[in-house]
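# Got a predicted structure plus its sequence, pasted below:
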Amino acid sequence: MIALFFRDLKLSIRAGGGALIGVLFFMTVVAVIPFGVGPDLNLLSRIGPAIVWIGALLAALLGLDRLFQAERDDGALDLILMNENPLVLTVFVKCLAHWTATGLPLVIASPLLGLFMNMSEMAIGAVMLTLLVGSPALTFIGAVGAAVAVALPRGGLLVSILVLPLAIPVLIFGVSASYAAAQDPAPFLPPFLILMAITLFSSVIGPFFAALALRNSSD
């Protein structure tokens, strides 16, 4: 499993630019917002947490179609399905490697974009913390869509269509917790704990259904 993790980590970084493409797309989405809403710093600081979260969500969708595609193309997917290791555990490790290569750089880049959006230090810290906790859920949820579309030659758009509605709760509670931390009257802990619960729940359900979809696609 450790060897699989580092193998997938290298593949995720090398394939199509990997983390660099995701971070550049993330920065591009957030950077164009001030040109659309104008130079109102108060408005930018109010909508900043939501914009950063939306940019991270869209950037996370970029590489999901490649989660199992390389193994499908070179025939390694059949070997993984016949491996003695549980397929659910294999999918879980692949999701962790994918998040480390594509999701963690988004978390690291979020403070810089928070400054760009004129967000306060408390809001920047809250956005970074909620992204760190909530972004793995996007990968685990996306694994299901990637497994469903793995047999299709161009399944990238289908993966985004399948995953985006399922990722809305992550976006809602991630933004809610970020706003709650920036505004004293609003409690931070309840939406943050719900966000953690969604990540834990998806870390169990996502690999299970992804493994099920992979087995069905091989039949």
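Received the coordinates, thanks.

# In this structure, where is pLDDT below threshold?
1, 8, 11-19, 70, 73-76, 78, 151-156, 184-186, 218-219 (pLDDT under 70).

# All the helices of it, residue numbers only.
Secondary structure of the chain (DSSP state H): helices at 2-14, 19-37, 41-62, 69-74, 76-82, 87-98, 104-116, 121-148, 156-182, 189-218.

# what angle separates the last one from helix 87-98?
Per axes from the mean of the first three to the mean of the last three CA atoms, to 10 degrees, the angle that helix 189-218 makes with helix 87-98 is 120 degrees.

# Between helix 156-182 and helix 189-218, find me the angle.
Using the same axes, to 10 degrees: helix 189-218 against helix 156-182 is 170 degrees.

# got the angle between helix 189-218 and helix 121-148?
20 degrees.

# Residue 30: how many residues sit nearby?
23 (other CB atoms under 10 Å). No exception for glycine: its C-beta is placed from N, CA and C like everyone else's.

# ditto for residue 42
Other residues close to residue 42 by other CB under 10 Å number 8.

# tell me the contacts of it?
residue 118 (CB atoms under 8 Å, 6 or more residues apart in numbering).

# how far away is it from residue 33?
Residue 42 is 14 Å from residue 33, where distance means CB to CB, to the nearest Å.

# related to what we said a few turns ago, with respect to burial, which of the helices of the chain scores highest?
helix 121-148 (a mean of 24; mean count of other CB atoms under 10 Å).

# Tell me the helices and strands packed up against that helix.
helix 41-62, helix 87-98, helix 104-116, helix 156-182, helix 189-218 (3 or more CB pairs under 8 Å, 6 or more residues apart in numbering; DSSP states H and E).

# among those helices, which is nearest residue 131?
helix 104-116 (4.7 Å; CB to CB).

# what does that closest one contact?
Helix 104-116 is contacted by residues 19, 22-23, 26-27, 30-31, 34, 48, 52, 55-56, 59-60, 123-124, 127-128, 131-132, 135 when judged by CB under 8 Å, 6+ apart.

# could I get the helices and strands packed on helix 121-148 as TSV with distance to residue 146?
Shown next, in TSV, are the helices and strands packed on helix 121-148 (distance: least, CB to CB, whole Å):
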stretch	distance to residue 146
helix 41-62	10
helix 87-98	9
helix 104-116	18
helix 156-182	6
helix 189-218	7
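
# Quick one: closest of the ones you listed to residue 143.
helix 189-218 (4.1 Å).

# Can you tell me which helices and strands the closest one packs against?
Using 3+ CB pairs under 8 Å, 6+ apart: helix 189-218 touches helix 76-82, helix 87-98, helix 121-148, helix 156-182.

# Can I get those in a markdown table including distance to residue 210?
Shown next, in a markdown table, are those (distance: least, CB to CB, whole Å):
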| stretch | distance to residue 210 |
| --- | --- |
| helix 76-82 | 12 |
| helix 87-98 | 5 |
| helix 121-148 | 4 |
| helix 156-182 | 11 |
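
# I'd like to know which of these is closest to residue 6.
Checking those against residue 6 by CB to CB gives helix 87-98 as the closest, at 7.6 Å.
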